[in-house]
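Student: Sharing a model that was predicted from the sequence below.
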Amino acid sequence: MAEASIAAYGVTVGVAIAFALVCFVLRGKGHSDGTHNHDYDKITTDDAHVHQE
């Protein structure tokens with residue numbers, strides 16, 4: 001029984017590592033044409049960029 005739980009833990013750790021590697025590789029992908037607005041990526045407390053109608 002202990003061997004099965006150790007194997008399940010090992011599989012879980014392996015999947016987590018694989019997921020982290022995929023996220024790291026895909027981190028730089030997307031918006032390579034320069035049209036991404038980086039202002040919306042910043043966490044800010046001012047509402048100056050919000051459109052008032």
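Tutor: Received the coordinates, thanks.

Student: Okay, now the unreliable bits of the chain?
Tutor: 29-53 (pLDDT under 70).

Student: Quick one: the strands in it, in order.
Tutor: Taking DSSP state E as the criterion, the chain carries no strands.

Student: Show the residue spans covered by the helices in it.
Tutor: For the chain, applying DSSP state H gives helices covering 2-26.

Student: mind listing what's buried in stretch 17-31?
Tutor: Using 16 or more other C-beta atoms under 10 Å as the test for burial, stretch 17-31 gives no buried residues. In this view, the C-beta of every residue, glycine as well, is placed from N, C-alpha and C.

Student: May I have it exported as PDB, CA atoms only?
Tutor: Extracted in PDB, the C-alpha atoms of stretch 17-31 (Å, rounded to 0.1, in the frame of the first residue of the first chain):
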ATOM      1  CA  ILE A  17       7.500  19.800 -12.800                       C
ATOM      2  CA  ALA A  18       6.300  19.200 -16.400                       C
ATOM      3  CA  PHE A  19       3.600  21.900 -16.000                       C
ATOM      4  CA  ALA A  20       6.200  24.400 -14.600                       C
ATOM      5  CA  LEU A  21       8.500  23.700 -17.500                       C
ATOM      6  CA  VAL A  22       5.700  24.200 -20.100                       C
ATOM      7  CA  CYS A  23       4.600  27.400 -18.400                       C
ATOM      8  CA  PHE A  24       8.300  28.600 -18.400                       C
ATOM      9  CA  VAL A  25       8.700  27.800 -22.100                       C
ATOM     10  CA  LEU A  26       5.400  29.500 -23.100                       C
ATOM     11  CA  ARG A  27       6.100  32.500 -21.000                       C
ATOM     12  CA  GLY A  28       7.700  34.500 -23.700                       C
ATOM     13  CA  LYS A  29       5.200  33.600 -26.400                       C
ATOM     14  CA  GLY A  30       2.400  35.800 -27.700                       C
ATOM     15  CA  HIS A  31       2.100  39.500 -28.500                       C
END
